[in-house]
Every structure is written in C-alpha cells, then in structure tokens.
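Trainee: Whatever this is, show me its structure:
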Amino acid sequence: ARKNIPSKKYVTPTGSNTPRKNLASKAARKPAQKSARKTIAATASALHEIKYYQRYQKHLLRRLPFQRLVREIIKDSNNDLRVQATALDALQEAAEAFLVNVFEAVNLSAIHAKRVTIQSKDL
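Mentor: Below you'll find the predicted structure:
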C-alpha cells in the first residue's frame, strides 16, 4: 500500500524557475548613483561630530596617556619632581587649548587654499 506522495518540483536556490541573466546583460546596466547620498550622509555626520565636541565639557585627550607623557618629560629633565593632580589638569587644559587653536589656524589656511582637508603644508 503505497501512499500517493506529490512529486516535488525542483526549485533553484534563488527560489524561482527563471533562468539566470548572463554576465553581458549585467555589465550593460548603468551603475546606481549613490555617491551624492553618501556625501550628504558623511557631511551630516561630520557636522554632528563637530557640534558634539563643541558641547563636550570633558578633556579631549585621555587623562592617563597624557599623564604618562608629562611624567616622562619631567623624568628626562629632573628626577626629583612630583606633580599634583591639579597641576596635571591645568597642563592638560592648556595643551588642549593650544592644540585646538593650532587646528583652527590650520583649518583656516586649508580653506584659504580652497581645500577641505588639512595637510602638513598648512602648518
């Protein structure tokens, strides 16, 4: 007593029975234009990042690497000096203010040269 099992039709892995397109027809297609959308998204994310860091109240440089750098410089010049936490904080604040000022000037010189990206020759 054999059961009637319906025959299964072969289905391609893509899920349809239509023949695949050859490579020539794929190459003849025009490529999709997404560059404008990507540029807008990149610009928007850059502006968002700029606004975020303008409102950011904490230090831009991480505290521990900056502390190690200061201690290394002090060690090279004089072995007996100690540094208070408030002095490190003041040094870090001054260093960040100086770097921000330098990058503002570099950015202005890049804009003057009709460029968006800063380069070493802008320094």
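
Trainee: So what touches stretch 77-92?
Mentor: Stretch 77-92 has contacts (C-beta atoms under 8 Å, 6 or more residues apart in numbering) with 59, 61, 63, 66-67, 70-71, 74. C-beta coordinates here come from the backbone N, C-alpha and C atoms, glycine included.

Trainee: Return the set of buried residues in stretch 55-67.
Mentor: 66-67 (16 or more other C-beta atoms under 10 Å).

Trainee: list the contacts for R71?
Mentor: Applying C-beta under 8 Å, 6+ apart, we find R71 in contact with V83.

Trainee: and with 10 Å instead?
Mentor: Counting by C-beta atoms under 10 Å, 6 or more residues apart in numbering, R71 touches 81-83, 88.

Trainee: now for those, which pair is the farthest apart?
Mentor: L81 and L88 (12.3 Å; C-beta to C-beta).

Trainee: more crowded one of those two?
Mentor: L88 (15 against 9; other C-beta atoms under 10 Å).

Trainee: from the contacts of stretch 77-92, which single one is nearest K114?
Mentor: L61 (31.0 Å).

Trainee: From N107, how far out is that closest one?
Mentor: 19 Å (C-beta to C-beta, to the nearest Å).

Trainee: low-confidence ranges in the protein?
Mentor: Applying pLDDT under 70 to the chain flags residues 1-39.

Trainee: Can you check which helix is longest in it?
Mentor: Ranked by residue count and defined by DSSP state H, the top helix of the chain is helix 85-112.

Trainee: got the buried residues for that one?
Mentor: 92, 95, 106, 110.

Trainee: Now for A44: which residues touch it?
Mentor: Residues in contact with A44 (C-beta under 10 Å, 6+ apart): none are found.

Trainee: Quickly find the element holding it.
Mentor: Per DSSP states H and E: A44 is located in helix 35-55.

Trainee: between that helix and helix 85-112, what angle do the directions make?
Mentor: 150 degrees (axes from the mean of the first three to the mean of the last three C-alpha atoms, to 10 degrees).
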